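Engineer: Sequence first, predicted model second:
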Amino acid sequence: MNYPGEFAKLCSLDDIYEGESKLFEVKKYEILLLNIKGNIRAYYARCAHALGLLDENSFDGEGKIICPVHLWEYNALTGESENPKESTLFPLEVKIEGNDIFVKVPSIPVLEFKTKWFGMYRRGVLNGTGINS
Ligand code: FES
């Protein structure tokens with residue numbers, strides 16, 4: 001996914017073990033960072049359903065992110081929803097330099113981001129699923 005933004009250092013590889021997740025905040029963006037069997041992923045830490053916060057406890061340590069609010073399930077590697085289907089988390093690009101983990105944070109203000117991104121899902125992907133009708 002391509003979007004304007006800047007990379008911010010979150011932590012080092014030594015700070016996040018396999019099966020672990022951490023929640024960060026950069027420029028008011030909540031970021032969920034995951035280590036999935038050695039694969040580092042980052043997502044905007046808000047659920048596509050109703051903005052539930054996906055904190056460290058949302059990650060099952062293996063392959064799923066489960067929103068604590070209404071229990072939507074996402075594939076931790078891809079961010080795509082599994083239950084229900086046809087939705088996705090917003091993936092944030094990860095860059096590893098040496099031992100440091102950087103994540104690309106969108107450059108627009110977070111309120112504008114929320115309006116645009118979740119508005120898109122309300123009009124598009126989620127319509128027709130019966131979830132929001
Ligand atoms: S807010 Fe996440 S499942 Fe409803």
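Structural biologist: Perfect, I can see it now.

Engineer: Now the phi/psi pair for the residue nearest to L32 when sequence neighbours are not counted, please.
Structural biologist: Sequence neighbours aside, A45 is the residue nearest to L32 in space, at 3.9 Å (criterion: CB to CB, 6 or more residues apart in numbering). Yep, even glycine has a C-beta here, placed from its N, CA and C like the rest. Main-chain torsions, A45, degrees, to the nearest 10: phi -90, psi 40.

Engineer: and what of D100?
Structural biologist: D100 adopts backbone torsions of phi -100, psi 140, taken as degrees, to the nearest 10.

Engineer: That one and D15 touch, don't they?
Structural biologist: No: applying CB atoms under 8 Å as the test, D100 and D15 come out as separate, 9.8 Å apart.

Engineer: so the residue nearest to L32 makes contact with L34?
Structural biologist: No: checked against CB under 8 Å, the pair A45 and L34 is beyond contact range at 10.4 Å.

Engineer: ok, back up a step: any idea how far the ligand is from the residue nearest to L32?
Structural biologist: 11 Å (CB to the nearest ligand atom, to the nearest Å).
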